[in-house]
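Student: the following block contains a protein sequence and its predicted model.
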Amino acid sequence: MTEIHDEMKSTVKTISPVRREIDIELSAAAAAEVNERVVGEFTAKAKLPGFRPGKAPVAVILQKFGHDIDHEVIDRLLPEALHHALEDNGIRTVGVPSVEDVSYQAGGPLRFKAVVETWPEFDLPPYKKLILKKREAVVTDEDVDQTIKDLRRKHAEYRPVDDRGVKDGYYVAVEIQGRDTQTRRLMPSERVVVLAGNEKNDPAINENISGLRANEEKSFTHVYPADFQRKKFAGKTIEYTLKIQSVKEMVFPEVNDEFAKQIGEFENAEALRAKIREELTTVKAKEAKRETSKDAVQAVLAQATIELPETVVQEEMEAVLKNIASQLPRQGITREAAEAIRLRAREQAELNLREHLVIRKIAQAEGFTVTEDDVDAEIRSIAAANGIPPARALENFKDEEGRESLKGTMLARRTVDFLVAQAIIK
């Protein structure tokens, strides 16, 4: 039996740093062997008038099924021939190869052309002694004040307001029902709680609750513009009946020693401020480190020219879009906004891929590796930081995909830490 590998030849043409064109020819002898087997299979299965199964002459089979036989021979030979051609030429593809100009007739060779995308070949620019800007972890009094403000809001009380009307910033429980003035159709009654004056409220509510007290009612008419974002109201005139069910205001606690003890058993307010400043300094230091790491990678990327295969860009772009979509409001967006989002997603996808390629190549150049023991140690560290039993954490990462993903993250972190350690920070 003829080995396909020994009966074929291929030539490679470089179209771009990420595209190769391969001309492949498989000898007539190799094709003939497969052709003979396929003809035999068709003969055995064919049911033709005047002939017993498996007894029809080959000439009759070829006349009846010649076109189908040729296609079957191509289907069997082409994938294997392409595989060997890629292997012989050391080409690692991304995506699915595009096959063109397929040529085969019984008795002759099989010829075809394949266009494939590959990971790019590129030279690493200098990556040691990068000049980076020093990132300061500065915590201001305003930062501390903002955190205390957030804590006060978190511990605020909602107290009923009975002696005065609604003002911006009050929380108001409203029962409201509308009627379309054109169709006279009565809408379902709704009960909602709104923050008075909030721009996200229906303008019909915002413009009519100010000054009203608990249990007061009001009737009014509101005209919605034609381009109102809620389609069911756009361009309509609605008669409303509104009742204030309750009014509450948010009362913030005073910042004193008692408040400090309530928050975390601090001795006094000054101890609370000191702890907040310490924690913010830790957070800012981590942010500064992350920004310096980004600066280091960007400094390398700024010197590198890396063309990306479109297949991979599209895959990464879809992942980025999925992440963006999870953060978008449920209401529809305009075509212009959607196009802007796709453009931003593509830019982010290309940046992600270039960062990945540069970091991986630097890791290879420096001989960095991550062992299975390293992965286990990292999992135990993650478990300790999150209060998870180590055995359970190791079980969560037992599948190969999860461990490989963690290994890649660790290798990237080590490589970027190396860049920063080698850099000159001014």
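Tutor: Cool, the structure landed.
Student: how about the strands of the stretch 101-250 of the chain, start to end?
Tutor: 110-118, 131-132, 157-160, 171-180, 190-195, 217-223, 237-251 (DSSP state E, counting those that start in this stretch).
Student: so in that sheet, which strands flank the fifth one, and in what orientation?
Tutor: Right, the one you point to is strand 190-195. In the sheet, strand 190-195 lines up against strand 171-180 (antiparallel) (DSSP bridges).
Student: closest one to residue 304 among the strands of the stretch 101-250 of the chain?
Tutor: strand 131-132 (16.4 Å; Cβ to Cβ). Placement of C-beta: from N, CA and C, glycine included.
Student: which residues are in contact with that closest one?
Tutor: Applying Cβ atoms under 8 Å, 6 or more residues apart in numbering, the external contacts of strand 131-132 come out as 292, 295-296, 299, 420, 423-426.
Student: quick one: closest of the strands of the stretch 101-250 of the chain to residue 102.
Tutor: Taking Cβ to Cβ, strand 110-118 is the member of the strands of the stretch 101-250 of the chain nearest to residue 102, at 4.4 Å.
Student: tell me the buried residues in the closest one?
Tutor: By 16 or more other Cβ atoms under 10 Å, the buried positions in strand 110-118 come out as 110, 112, 114, 116-118.
Student: same list (those) but as JSON lines, adding distance to residue 211 and pLDDT.
Tutor: Shown next, in JSON lines, are the buried residues of strand 110-118 (distance: Cβ to Cβ, whole Å; pLDDT from 0 to 100):
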{"residue": "110", "distance to residue 211": "86", "pLDDT": "94"}
{"residue": "112", "distance to residue 211": "81", "pLDDT": "96"}
{"residue": "114", "distance to residue 211": "76", "pLDDT": "95"}
{"residue": "116", "distance to residue 211": "72", "pLDDT": "94"}
{"residue": "117", "distance to residue 211": "67", "pLDDT": "94"}
{"residue": "118", "distance to residue 211": "70", "pLDDT": "92"}
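Student: between those, which is nearest residue 237?
Tutor: residue 117 (58.1 Å).
Student: from residue 283, how far off is the closest residue to the closest one other than its chain neighbours?
Tutor: Spatial nearest neighbour of residue 117, chain neighbours left out: residue 309 (3.9 Å); criterion: Cβ to Cβ, 6 or more residues apart in numbering. Distance check for residue 309 against residue 283: by Cβ to Cβ, to the nearest Å, it reads 39 Å.
Student: how about low-confidence regions in the protein?
Tutor: Residues of the chain meeting the criterion pLDDT under 70: 1-3, 5, 329-332.
Student: where does the residue of it positioned farthest from its centre sit: helix, strand or coil?
Tutor: Using Cα atoms, centre = their mean, the residue of the chain lying farthest from its centre is residue 50. It sits 63.2 Å away. The three-state label given to residue 50 by DSSP: H, G, I helix; E, B strand; the rest coil is coil.
Student: ok, back up a step: could the buried residues of strand 110-118 go into a markdown table alongside distance to residue 21?
Tutor: As requested, the buried residues of strand 110-118 are arranged in a markdown table below (distance: Cβ to Cβ, whole Å):
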| residue | distance to residue 21 |
| --- | --- |
| 110 | 17 |
| 112 | 11 |
| 114 | 8 |
| 116 | 8 |
| 117 | 11 |
| 118 | 12 |
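Student: tell me which residues touch residue 304, please.
Tutor: 122-125, 354, 358.
Student: if we go to 6 Å?
Tutor: residue 125 (Cβ atoms under 6 Å, 6 or more residues apart in numbering).
Student: how far out from the middle of the chain is the helix or strand harbouring residue 385?
Tutor: Assigned by DSSP states H and E, residue 385 falls within helix 372-386. Distance of helix 372-386 from the chain centroid (Cα atoms, centre = their mean, to the nearest Å) equals 25 Å.
Student: quick one: the closest residue to residue 416 other than its chain neighbours and residue 279, what's the gap?
Tutor: Excluding the flanking residues, the one nearest residue 416 by Cβ to Cβ, 6+ apart is residue 293, at 4.8 Å. For residue 293, the distance to residue 279 equals 22 Å [Cβ to Cβ].
Student: neighbour count: those two, which is higher?
Tutor: Neighbours per residue (other Cβ atoms under 10 Å) separate residue 293 from residue 279, with residue 293 holding more: 18 against 12.
Student: can you classify that one as helix, strand or coil?
Tutor: Following three-state DSSP, the label given to residue 293 is helix.
Student: in this structure it contacts residue 415, no?
Tutor: No: Residue 293 lies out of contact with residue 415 (Cβ atoms under 6 Å); the separation is 10.0 Å.
Student: and residue 74, how many neighbours?
Tutor: For residue 74, using other Cβ under 10 Å, the count is 19.
Student: contacts only, for it.
Tutor: residue 104.
Student: that one looks like it's in a strand, true?
Tutor: No: looking at residue 74 with three-state DSSP, it is helix, so not inside a strand.
Student: what about it, distance to residue 81?
Tutor: 10 Å.
Student: correct me, but the residue nearest to residue 117 touches residue 17?
Tutor: No: if you go by Cβ under 6 Å, residue 309 and residue 17 don't touch, sitting 9.2 Å apart.
Student: tell me which of these two has more neighbours.
Tutor: Ranked by neighbour count (other Cβ under 10 Å), residue 309 and residue 17 place residue 309 first, with 21 against 16.
Student: quick check on the more buried one: phi, psi?
Tutor: phi -70, psi 130 (degrees, to the nearest 10).
Student: give me the neighbour count for residue 405.
Tutor: Residue 405, neighbours per other Cβ under 10 Å, totals 12.
Student: same thing with residue 246?
Tutor: 16.
Student: check contacts around the residue nearest to it when sequence neighbours are not counted.
Tutor: Leaving out its chain neighbours, the residue that sits closest to residue 246 by Cβ to Cβ, 6+ apart is residue 173, at 4.4 Å. Counting by Cβ under 6 Å, 6+ apart, residue 173 touches 193, 245-246.
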